[in-house]
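Asker: I would like to see how this sequence folds:
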Amino acid sequence: MAVASGLLMEFVDTTALATALPTMAVYFGVRPEGLKHALTAYVLALAVFMPASTWLADRFGAKRVYLGSLLVFSAGSIACALSTTLPWLVAARILQGLGGALMVPVARTIILQSVPRSELVPAMNWFTMPAQLGPLLGAPLAGLILAVADWRWIFLINLPVAAIGAIGVARHVPDTSSRESGDFDFRGYVLVASAIVLFVGTLAFADTHAWNGMLTAALLGAAASGALYVRHALRCEHPVLDVRLLADPTFRTCMTGGTLARFAVGASPLLLPLLLQVGLGWTPLQAGMVFMGQAIGTLCAKAVATTVLRRFRFRTVLIGSNLAAAALTAAPAFFGLLTPMWLAFMLLVATGLTRSLQFTISNTVAYADLKGGQLSAASTLASVIQQVGHAMGISIAGLLLAFSITGAGTLEISDFTMPFVLVGVLAATGSMIYGRLHARAGENMRGMTSAAQ
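Answerer: Numbers count the residues shown, from 1 in each chain. From the prediction side, this is the model:
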């Protein structure tokens with residue numbers, strides 16, 4: 001519970017920020033979709049800094065690094081609250097992302113080092129509980145704050161949570177001394193970080209500038225850095241991200257299909273708050289209460305996952321849940337001024353349920369054919385791929401929304417139709433990828449699904 005405090009803080013912060021986007025856009029004097037950079041910056045920082053987390057924990061001790069991550073995240077939260085311009089906010093979100101990138105992987109390492117194997121499953125269930133509660137609390141909390149106070153308090157509420165978490169970790173988490181960590185793959189890290197930043201950055205800024213030589217150079221730089229990294233990783237004994245794991249067809253298929261599906265996960269926190277608050281004119285509190293539906297659906301997935309998997313094979317459930325989640329992602333395209341709140345709420349319950357079911361199974365099946373010694377490297381690679389997919393979803397949503405705006409440049413309900421539909425179509429293509437899985441893929445891991453949730 002002590003190390004889970006960081007996870008709670010991170011999820012509450014992310015969900016609350018999405019709810020506050022329209023209000024913050026007014027303060028910063030930018031178009032609402034322009035605040036996608038605040039979302040992208042955080043996720044991009046997670047993807048860039050996460051590969052170094054395991055090495056840092058081994059080198060300096062997991063407890064020390066975790067306490068440092070809480071401090072960095074808190075500093076980023078204060079910087080966000082003090083921001084007066086959008087570039088300042090984006091920079092502060094990057095600082096938050098640095099703390100978040102270390103927080104979750106290192107917390108997981110602390111649990112693995114501290115908890116007996118016989119108690120690992122219940123310990124991980126307790127650890128992941130904040131991931132379920134954070135989205136449930138974040139959206140209505142943000143709506144309540146915006147109804148009675150300034151948006152800056154959305155970031156300042158992180159501070160007492162971080163302080164309580166730090167006290168709990170200092171008192172109850174055993175000291176873990178540094179251990180042999182080997183040489184850090186610095187060259188590989190620079191190459192892969194450059195590829196991620198240049199590629200996602202090109203997508204993020206493509207809607208705000210006409211396509212020019214700078215964006216072309218950035219895209220070519222991303223391709224060159226990626227190619228050089230693959231060449232380096234194939235020759236390096238311990239690369240920072242082991243791309244050789246993608247040679248496993250099951251792992252590769254789940255990563256590819258999951259990335260397409262995560263476009264919808266990244267797009268929703270940008271598109272939905274803008275649709276409900278700017279397009280439909282709902283208050284932040286009303287929108288926040290509706291957003292709770294997705295978190296409730298995620299919790300409900302725990303109850304139905306086992307029953308579903310007893311009747312259907314993994315591949316069948318993956319294809320079906322992805323198609324359902326994609327259709328539900330596209331459904332808000334048809335919202336109108338007369339759409340009742342209860343209907344939007346139930347739609348998000350169904351969305352949360354189908355997405356959670358899909359990712360729970362995908363994150364289990366992906367490791368079905370890997371050896372025990374490959375699991376740690378595979379988990380790191382999967383985490384980075386997932387964050388890149390998330391960041392791409394935010395950027396693509398902003399790009400589609402910018403292209404769809406008509407009239408005087410202000411957002412109208414009709415401007416959301418094309419972005420929601422196309423994001424849903426992109427997510428649905430993941431089912432074509434999942435269809436390549438062997439019919440009995442993951443059958444040897446049925447007992448792990450409850451822990452994977």
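Asker: look at residue 276 and say how many residues are nearby.
Answerer: Here the count is done by other CB atoms under 10 Å, and residue 276 has 26 residues near it. For glycine as for every other residue, the C-beta is placed from the backbone atoms N, C-alpha and C.
Asker: from residue 26, how far off is the closest residue to it other than its chain neighbours?
Answerer: What sits nearest to residue 276 in space, not counting adjacent residues and going by CB to CB, 6 or more residues apart in numbering, is residue 287, at 4.3 Å. With distances taken as CB to CB, to the nearest Å, residue 287 is found 15 Å from residue 26.
Asker: between the two, who's got more neighbours?
Answerer: The neighbour comparison of residue 287 against residue 26 (other CB under 10 Å) goes to residue 287, with 27 against 10.
Asker: now do the helix or strand hosting the more buried one: which elements does it pack against?
Answerer: Secondary structure from DSSP states H and E places residue 287 in helix 284-311. The helices and strands touching helix 284-311, judged by 3 or more CB pairs under 8 Å, 6 or more residues apart in numbering; DSSP states H and E, are helix 4-28, helix 120-148, helix 249-274, helix 341-365, helix 449-452.
Asker: okay, buried residues for the fourth one please.
Answerer: The one in question is helix 341-365. Neighbour-count burial for helix 341-365 flags 344-345, 347-365 (criterion: 16 or more other CB atoms under 10 Å).
Asker: phi, psi of residue 283?
Answerer: When read as degrees, to the nearest 10, the backbone of residue 283 gives phi -80, psi 160.
Asker: again with residue 281
Answerer: phi 80, psi 20.
Asker: neighbouring contacts of the helix or strand hosting residue 425?
Answerer: Using DSSP H and E, the secondary-structure element containing residue 425 is helix 417-428. Residues lying outside helix 417-428 but in contact with it, judged by CB atoms under 8 Å, 6 or more residues apart in numbering, are 260-261, 263-264, 267, 271, 275, 322-323, 325-327, 329-334, 393, 396-397, 400-401, 403-404.
Asker: for the record, mean pLDDT for that helix?
Answerer: Taken as a whole, helix 417-428 carries a mean pLDDT of 93.
Asker: drop anything exposed from the contacts of helix 417-428.
Answerer: Buried residues within the contacts of helix 417-428, defined by neighbour count using 16+ other CB under 10 Å: 260-261, 263-264, 267, 271, 275, 322-323, 325-327, 329-333, 393, 396-397, 400-401, 404.
Asker: where's residue 238 relative to residue 185, distance?
Answerer: The span separating residue 238 from residue 185 equals 6 Å under the rule CB to CB.
Asker: could you do residue 104 as well?
Answerer: As defined by CB to CB, residue 104 lies at a distance of 21 Å from residue 185.
Asker: and if you look at residue 141?
Answerer: According to CB to CB, residue 141 stands 40 Å off from residue 185.
Asker: next one: residue 200
Answerer: 21 Å.
Asker: likewise for residue 73?
Answerer: 25 Å.
Asker: got it, and residue 382?
Answerer: Computed with CB to CB, the distance linking residue 382 and residue 185 is 18 Å.
Asker: ok, now residue 268?
Answerer: In this view, residue 268 and residue 185 are 34 Å apart by CB to CB.
Asker: and the strand or helix carrying residue 317, what other elements does it pack with?
Answerer: When elements are assigned from DSSP H and E, residue 317 belongs to helix 314-330. Counting contacts by 3+ CB pairs under 8 Å, 6+ apart, helix 314-330 is packed against helix 249-274, helix 341-365, helix 417-428, helix 430-434.
Asker: could you pull out the helices for the stretch 51-200 of the chain?
Answerer: Using DSSP state H, counting those that start in this stretch, the helices assigned to the stretch 51-200 of the chain run over residues 53-60, 62-82, 86-114, 120-148, 153-156, 158-172, 186-205.
Asker: would you turn those into JSON lines with mean pLDDT?
Answerer: Output for the helices of the stretch 51-200 of the chain, formatted as JSON lines (pLDDT from 0 to 100):
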{"stretch": "helix 53-60", "mean pLDDT": "82"}
{"stretch": "helix 62-82", "mean pLDDT": "92"}
{"stretch": "helix 86-114", "mean pLDDT": "86"}
{"stretch": "helix 120-148", "mean pLDDT": "75"}
{"stretch": "helix 153-156", "mean pLDDT": "91"}
{"stretch": "helix 158-172", "mean pLDDT": "88"}
{"stretch": "helix 186-205", "mean pLDDT": "89"}
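Asker: ok, which of these comes nearest residue 47?
Answerer: Shortest distance between residue 47 and the helices of the stretch 51-200 of the chain, using CB to CB, is found for helix 186-205: 5.5 Å.
Asker: same for the closest one, what does it pack against?
Answerer: helix 36-49, helix 213-235, helix 375-404.
Asker: looking at those, which one is packed in the most?
Answerer: When you average the neighbours per residue for each of the helices and strands packed on helix 186-205 (mean count of other CB atoms under 10 Å), helix 36-49 leads with a mean of 26.
Asker: so residue 54 makes contact with residue 377?
Answerer: No. Taking CB atoms under 8 Å as the definition, residue 54 is not a contact partner of residue 377, at 9.2 Å.
Asker: what sits against the residue nearest to residue 346 when sequence neighbours are not counted?
Answerer: In this structure, residue 346 finds its nearest non-sequential neighbour in residue 293, 6.7 Å apart by CB to CB, 6+ apart. Applying CB under 8 Å, 6+ apart to residue 293 gives the contacts 344-349, 351-352.
Asker: what sits up against stretch 159-176?
Answerer: In this structure, residues lying in contact with stretch 159-176 by CB under 8 Å, 6+ apart are 1-3, 5-6, 8-9, 12, 57, 61-63, 66-67, 70-71, 73-74, 77-78, 110, 113-114.
Asker: just the buried ones from those?
Answerer: Buried subset of the contacts of stretch 159-176 (neighbour count, 16+ other CB under 10 Å): 2-3, 5-6, 8-9, 12, 57, 61-63, 66-67, 70, 73-74, 77-78, 110, 114.
Asker: any chance of the helices of the stretch 51-200 of the chain in CSV, plus distance to residue 39?
Answerer: Output for the helices of the stretch 51-200 of the chain, formatted as CSV (distance: least, CB to CB, whole Å):
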stretch, distance to residue 39
helix 53-60, 21
helix 62-82, 12
helix 86-114, 8
helix 120-148, 14
helix 153-156, 14
helix 158-172, 17
helix 186-205, 10
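Asker: out of the ones you listed, flag the one nearest residue 35.
Answerer: Nearest of the helices of the stretch 51-200 of the chain (CB to CB): helix 86-114, 7.3 Å.
Asker: so where's the stretch 251-400 of the chain uncertain?
Answerer: In the predicted model, the stretch 251-400 of the chain carries pLDDT under 70 at residues 372.
Asker: tally of neighbours for residue 366?
Answerer: 26.
Asker: so what's it closest to, chain neighbours aside?
Answerer: Leaving aside its sequence neighbours, residue 366 is closest to residue 254 (3.7 Å, by CB to CB, 6+ apart).
Asker: hmm, back to that, please name whichever of the helices of the stretch 51-200 of the chain is nearest to residue 432.
Answerer: Nearest to residue 432 among the helices of the stretch 51-200 of the chain is helix 186-205; the distance by CB to CB comes to 22.2 Å.
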